[in-house]
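**Student:** My questions concern the predicted model and sequence given below.
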Amino acid sequence: MLHVKGGTLVTAEGSKRADILCGPDGKIAHVANTIETPTGCDVVDATGLLVMPGGIAPHTHMEMPFMGTIASDDFYTGTAAGLAGGTTSIIDFVIPDSRTSLVDAWKAWRQKAQKSAADYGFHVAITHWNDQIYHDMKTLVEQCGVNSFKHFMAYKNALMVEDEAFLHSMRRAAELGAICTVHAENGDAVAYLQQDLLSEGRTGPEAHPVSRPPAVEGEAAHRAITLAGLLGVPIYIVHVSTQEGVKAISEARLRGQEVYGEVLPQHLVFDESVYEGSDWLKVAQYVMSPPFRPKHHQAALWGGMMSGQLQTTATDHCCFCASQKEMGKTDFTRIPNGTPGIEDRMSVLWHYGVKTGKLTPQQFVALTSTNTAQIFNIYPQKGSLSIGADADIVLWDPDAERTISATTYHQNVDYNIYEGMTVTGVAKKTISKGHLVWNEGDLHAVRGAGQYIARQPKNRNVRKPF
Ligand code: URP
Ligand code: ZN
Ligand code: ZN
Ligand code: ZN
């Protein structure tokens with residue numbers, strides 16, 4: 001048992017002074033203004049700290065096989081790094097290859113994830129369509145705790161899904177009470193522009209953003225929303241990075257369509273200048289998709305979050321070390337796409353969002369935890385500080401400073417995109433299922449302590465746009 005004493009509770013709804021008692025079952029047993037410490041119960045002093053629901057990272061790729069290699073953070077190292085940054089749950093992606101059924105792929109990912117130090121769930125990717133996929137989606141929803149499916153409109157000849165398959169999948173998901181998520185970039189256009197650039201001899205990583213201009217995302221976001229609207233089903237767009245994407249989402253919401261958008265902190269703080277300079281590796285380290293954009297796109301993302309048009313923050317945590325990035329030394333299209341970030345998401349968002357006055361602490365909780373729990377139907381088990389919820393809690397120092405550095409982080413990768421950045425707002429202590437696993441710089445992540453989050457389907461009302 002753990003008594004969190006003397007802190008200020010901050011949830012998506014409001015703030016209040018209160019204590020929390022975490023029960024032996026890893027759930028919140030009691031919340032009250034003051035609580036007597038039961039005998040034998042450890043006390044965690046939260047004086048001067050904000051007590052918030054642990055972060056939920058709705059988009060990670062631990063040990064993901066991708067572009068000829070495997071992401072370097074595995075389910076243990078990646079979730080442990082998350083705990084050090086205040087994130088207590090992840091939703092990762094099962095990516096079936098063309099020879100493996102969805103259910104077998106899900107089983108393989110369950111196996112890999114057994115080493116997780118924090119709770120985890122899975123979205124399952126649909127890359128093509130056939131009768132077995134139609135049936136497997138039902139098995140996944142009804143027997144495997146999956147309530148969301150992922151679609152890549154990018155990565156032609158690899159993960160890219162055609163529109164017809166995407167439509168089939170969206171209809172089937174809605175019938176089953178699941179929600180579809182989508183990486184919105186026009187994969188045909190990207191492949192076409194990549195070939196243009198290579199034929200002009202532009203083989204370096206600075207060509208990466210040129211091959212994926214904002215319009216490529218704008219078109220795909222608009223198309224995904226249009227297709228979902230035809231069927232009257234909800235759609236969740238991952239890593240929105242452009243003004244065009246934000247506009248497509250907010251216009252659809254104004255038409256009454258159920259559309260959600262996710263933002264990565266790295267898209268909020270880095271612009272296209274990260275692709276300048278002659279240090280090949282330094283530029284390659286910022287090769288992720290969608291790429292980093294000119295400043296006015298960042299303004300649109302902030303506006304989208306502040307106004308509630310964009311609901312969640314993720315990191316798309318997908319780590320590749322120097323030796324892996326170098327697979328694309330002579331051809332930028334072969335640089336494994338992805339950036340690390342699970343450990344720094346909350347600090348970066350607090351520093352640039354709350355500290356600057358753009359977001360309230362309540363919006364911060366909504367954007368890092370509660371909205372994700374609600375959209376993916378694990379609320380109030382996650383994303384809440386109510387009695388009976390999982391005791392996943394972060395004790396946050398809103399004024400502490402931290403300089404992000406490769407010498408102190410826990411991610412299993414040899415660089416940090418935020419290297420040298422000093423941020424205000426630090427996870428002082430993290431509690432996972434009632435256990436103090438991060439205590440002022442001391443990480444007590446336990447390999448295998450994370451449990452699978454079985455997510456239930458929910459009635460997804462068909463709602464056609466006006
Ligand atoms: O560059 C990225 N984002 N890599 C991970 C795969 C994806 O597109 O989410
Ligand atoms: Zn993506
Ligand atoms: Zn991703
Ligand atoms: Zn210790």
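**Tutor:** On my side now, so go ahead. Ligands and ions are numbered 1, 2, ... in the order given.

**Student:** okay, now Ser169: neighbour count?
**Tutor:** Residues lying near Ser169 (other Cβ atoms under 10 Å) number 26. Where C-beta positions appear, they are placed from N, C-alpha and C, glycine not excepted.

**Student:** what helix or strand does it sit in?
**Tutor:** Using DSSP states H and E, Ser169 maps to helix 163-176.

**Student:** burial count for Ser405?
**Tutor:** Neighbours around Ser405, by other Cβ under 10 Å: 13.

**Student:** ok, the nearest residue to it once chain neighbours are set aside to ligand 1 distance?
**Tutor:** Nearest residue to Ser405, sequence neighbours excluded (Cβ to Cβ, 6 or more residues apart in numbering): Glu419, at 6.3 Å. Going from Glu419 to ligand 1 by Cβ to the nearest ligand atom, to the nearest Å gives 19 Å.

**Student:** Was I right to think Glu419 contacts Thr408?
**Tutor:** No: at 10.8 Å, Glu419 does not count as touching Thr408 under the criterion of Cβ atoms under 8 Å.

**Student:** and the residue nearest to Ser405, what does it touch?
**Tutor:** Residues near Glu419 by Cβ atoms under 8 Å, 6 or more residues apart in numbering: Ile404, Ser405, Ala406.

**Student:** Quick check: the last one touching Asn412?
**Tutor:** Right, Ala406. No: if you go by Cβ under 8 Å, Ala406 and Asn412 don't touch, sitting 11.5 Å apart.

**Student:** Just the pLDDT for the residue of the stretch 301-450 of the chain found nearest ligand 1.
**Tutor:** Residue nearest to ligand 1 within the stretch 301-450 of the chain: Asn337 (3.2 Å; Cβ to the nearest ligand atom). With respect to pLDDT, Asn337 scores 98.

**Student:** what sits against it?
**Tutor:** Contacts of Asn337 (Cβ under 8 Å, 6+ apart): Phe66, Met67, Val287, Met288, Ser289, Cys318.

**Student:** Export these as CSV, with columns for secondary structure and distance to Glu343.
**Tutor:** Shown next, in CSV, are the contacts of Asn337 (DSSP: H, G, I helix; E, B strand; the rest coil; distance: Cβ to Cβ, whole Å):
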residue, secondary structure, distance to Glu343
Phe66, strand, 20
Met67, coil, 23
Val287, coil, 20
Met288, coil, 16
Ser289, coil, 21
Cys318, coil, 14
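
**Student:** what subset of these is also close to ligand 1?
**Tutor:** Filtering those for proximity to ligand 1 by Cβ under 6 Å from any ligand atom leaves Met288, Ser289, Cys318.

**Student:** Excluding residues flanking it in the chain, which one is nearest the last one?
**Tutor:** Excluding its sequence neighbours, the residue lying closest to Cys318 (Cβ to Cβ, 6+ apart) is Gly338, at 2.9 Å.

**Student:** does ligand 1 sit close to the next helix or strand after the helix holding Ser169?
**Tutor:** Counting by DSSP H and E, the next helix or strand C-terminal to helix 163-176 is strand 179-183. Yes: contact of strand 179-183 with ligand 1 (Cβ under 6 Å from any ligand atom) involves His183.
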